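Participant: What follows is a predicted protein model with its sequence.
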Amino acid sequence: MTQCYSMTGPLSEKSSSSYLSSNFGDGFLSDAVGQHAIVSVTDPKGKITYVNDKFVDISGYSRQELIGQNHRLLKSATHPPEFYRDLWKTIANGRTWHGEIRNLNKDGEPYWVKATIIPLLNDQGKPTKYLSIRTDITEVKAAESLKQQQSSLDLFDHQVYLLWPDSLEVFYANRVARERSSSLEMERSGYVPGLLAEGVTKADFEALLSPILSGERNSTTYYADVPLPGGKTFPAEITAQMIHPQEEKKRVFLSVRDISARRKVEKAKSEFIATISHELRTPLTSIIGGLGLIKTSLLNEQMGTVNRLVEISAKNAVRLKKLIDDILDIEKLEAGKMRIHIRKFDLAQVIRDSVTEISGFQAEKNVSVKTFGTTTPVMITGDSERLQQVMANLLSNALKFSHEGGLIEVRLEDEGENVRVSIKDWGDGIEDHAQSSIFEKFVQSDMADTRSAGGSGLGLTIAKEIVEKHGGSIWFDSEYGTGTTFHVTLKRCAVPLANNI
Ligand code: ADP
């Protein structure tokens, strides 16, 4: 039978030895291959009959431990049984097999090899030996998997670092981390992100990470102010986790999340609770006191006093009801349960009704309200009750922040397909720093002033939601010290957003 001598085809025992000795002299080629690669020879049943030094080194087993064994000794759980079946089928049929194998060394540590297994055939074409030539590709594989891991880490919208557990040095920083850390710090060798958090030394950093470094816990979280280039800092939640990718060394995965928005909400929430308790207590105290006095007055038959006390009690009850309604509305909004019921109605009438709604409070402050464009009907489609709620809220804010004896102007204007309502006051206005967050829930521009004016900081959040659910928009112009104008535009034919009806 004619045999082929190429390294990619099978070798015949007789011809290969003559080929080697005639071309390179005895042992020359095998020495050269042996110095470059991990070489082993097995009998037809797969029993190891020869291993070179490189095989001994990488496997961690001694030559004596390997000879007589099967390669199964090195097998990892990475490849499915079909992988090995295909390998054996190929070489048993006299063909050469090429592929990448993940093995385990004597200590159970993985290593990857790129292998070529060549069957050595006898005259009948049957394999008498198998020669395996392998190269160590563990590092290439590690680099490949790191690259894959890194490109997915770039998708995170917060800072992520990978660190070596022993030195705590960063060996990878994702896109956001690279943008947010100054390049100088990143290039500094031995850069440890924990050192950058204000007041955190390397020893502190080690102590913070000790639960994961010691294996006591899988992840740990701490909070620190992390500096940005330019000297500013941001409050961060830092989570460290020990990860052990299949092909690679253990590493620390460190994620640094900016929690300033969360902190802001927490702060606003606690201020909200303080305001709410105050807001609930004040009218209740007044109602209780008023009712107590009514009882006494009735005994004394002082009807004038009774009327006044009933009026105060009623006003406080309205204030309390509004507060409770706002809380219920916010709950509905958050649960996505606020519905808009669309029908045709007269917006001019709704504005006149809203003005009447606040008239009791208006007289108290001696503020006059002038309306423009509300004498003739302006028919639009939408939820009249919800829109009246918006108008009444804007009007009561204008009234709250107006000065004694002030003026509020309400304008209803035709803008073709849209109508616009503007509510203008000459009160204190909204401070510049507060303007961007005025529509956020629980937010009140200045606690001291607003506390005296009353309110929950929920009204504008609800108003914005209602207007936007009608497909309209709400915004304001305000100058601190001069006054504020809130504008609402609505489509004549409201296009309710999905999920609203
Ligand atoms: P509140 O019920 O506390 O008034 P809103 O959400 O209606 O809540 O308003 C939020 C904050 O916006 C108010 O506390 C106030 O600080 C500011 N604000 C709203 N309208 C005006 C206005 N017309 N003039 C000045 N400040 C206003």
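Facilitator: Yes, it's here. Numbering: from 1, shown residues only.
Participant: so where does the closest residue in space to I466 that isn't next to it in sequence fall, helix or strand?
Facilitator: With C-beta to C-beta, 6 or more residues apart in numbering as the criterion, I466 has its nearest non-adjacent residue at 4.7 Å, and that residue is R386. For every residue, glycine as well, the C-beta is placed using N, CA and C. Assessed by DSSP states H and E, R386 sits inside helix 384-401.
Participant: buried ones in that helix?
Facilitator: The neighbour-count check on helix 384-401 (16 or more other C-beta atoms under 10 Å) flags 384, 386-401 as buried.
Participant: Give me the subset of these that also touch the ligand.
Facilitator: Filtering those for proximity to the ligand (criterion: C-beta under 6 Å from any ligand atom) leaves 393, 397-398, 401.
Participant: Look at the residue in the stretch 1-150 of the chain that the ligand sits nearest to and tell me its secondary structure.
Facilitator: Nearest to the ligand, among the residues of the stretch 1-150 of the chain, is Q150, at 45.0 Å (C-beta to the nearest ligand atom). Put simply, Q150 is helix when judged by DSSP: H, G, I helix; E, B strand; the rest coil.
Participant: do I430 as well
Facilitator: Taking three-state DSSP, the label given to I430 is coil.
Participant: and this structure, which residues reach the ligand?
Facilitator: So the chain meets the ligand at 393, 397-398, 401, 425, 427-430, 438, 444-445, 450, 455-461, 484 (C-beta under 6 Å from any ligand atom).
Participant: any low-confidence regions in this protein?
Facilitator: Counting by pLDDT under 70, the ranges of the chain that qualify are 1-27, 181-200, 246-248, 443-455, 494-501.
Participant: so what's E409 closest to, chain neighbours aside?
Facilitator: K424 (4.5 Å).
Participant: hang on, that neighbour in a strand?
Facilitator: Yes - counting by three-state DSSP, K424 is part of a strand.
Participant: Contacts only, for it.
Facilitator: Going by C-beta atoms under 8 Å, 6 or more residues apart in numbering, K424 touches 398, 408-411, 483-485.
Participant: go on, S473?
Facilitator: 467, 488-489.
Participant: which ones are touching the residue in the stretch 51-200 of the chain that the ligand sits nearest to?
Facilitator: Residue nearest to the ligand within the stretch 51-200 of the chain (C-beta to the nearest ligand atom): D157, separated by 29.3 Å. D157 is in contact with V176, counting by C-beta under 8 Å, 6+ apart.
Participant: sorry, back to before: what's the first helix or strand after the helix holding R386?
Facilitator: strand 407-415.
Participant: one step back: which of the residues of the chain next to the ligand are buried? Put it as a PyMOL command.
Facilitator: Of the residues of the chain next to the ligand, the buried ones can be selected in PyMOL as follows, counting by 16+ other C-beta under 10 Å:
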select buried, resi 393+397+398+401+425+427+428+429+430+438+444+445+450+455+456+457+458+459+460+461+484
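Participant: the helices in the stretch 251-400 of the chain, which residues?
Facilitator: Under the criterion DSSP state H, counting those that start in this stretch, helices of the stretch 251-400 of the chain are mapped to 260-300, 303-334, 347-357, 359-365, 384-401.
Participant: what's the most buried one of those?
Facilitator: Among the helices of the stretch 251-400 of the chain, helix 384-401 has the highest mean neighbour count (mean count of other C-beta atoms under 10 Å), at a mean of 22.
Participant: Report the angle between that one and helix 347-357.
Facilitator: Inter-element angle recorded for helix 384-401 and helix 347-357: 50 degrees (by axes from the mean of the first three to the mean of the last three C-alpha atoms, to 10 degrees).
Participant: Just the C-alpha atoms of helix 384-401, please, in PDB.
Facilitator: Output of helix 384-401 as PDB, limited to C-alpha atoms (Å, rounded to 0.1, in the frame of the first residue of the first chain):
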ATOM      1  CA  SER A 384     -62.000  67.900  32.100                       C
ATOM      2  CA  GLU A 385     -61.700  66.900  35.800                       C
ATOM      3  CA  ARG A 386     -58.000  66.100  35.500                       C
ATOM      4  CA  LEU A 387     -57.400  69.300  33.600                       C
ATOM      5  CA  GLN A 388     -59.300  71.300  36.200                       C
ATOM      6  CA  GLN A 389     -57.000  69.700  38.800                       C
ATOM      7  CA  VAL A 390     -54.000  71.000  36.800                       C
ATOM      8  CA  MET A 391     -55.300  74.500  36.500                       C
ATOM      9  CA  ALA A 392     -56.300  74.700  40.100                       C
ATOM     10  CA  ASN A 393     -52.900  73.500  41.100                       C
ATOM     11  CA  LEU A 394     -51.100  76.100  39.000                       C
ATOM     12  CA  LEU A 395     -53.500  78.800  40.300                       C
ATOM     13  CA  SER A 396     -53.100  77.800  43.900                       C
ATOM     14  CA  ASN A 397     -49.300  77.800  43.500                       C
ATOM     15  CA  ALA A 398     -49.500  81.300  41.900                       C
ATOM     16  CA  LEU A 399     -51.600  82.400  44.800                       C
ATOM     17  CA  LYS A 400     -49.300  80.800  47.400                       C
ATOM     18  CA  PHE A 401     -46.200  82.500  46.100                       C
END
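Participant: angle of it against strand 407-415?
Facilitator: Going by the same axes, to 10 degrees, helix 384-401 is angled at 140 degrees with respect to strand 407-415.
Participant: Could you check how far helix 384-401 is from the centre of its chain?
Facilitator: The chain centre lies 36 Å from the centre of helix 384-401; the measure is C-alpha atoms, centre = their mean, to the nearest Å.
Participant: Packing partners of it?
Facilitator: Applying 3 or more C-beta pairs under 8 Å, 6 or more residues apart in numbering; DSSP states H and E, one finds that helix 384-401 contacts helix 347-357, helix 359-365, strand 407-415, strand 418-425, helix 459-469, strand 483-491.
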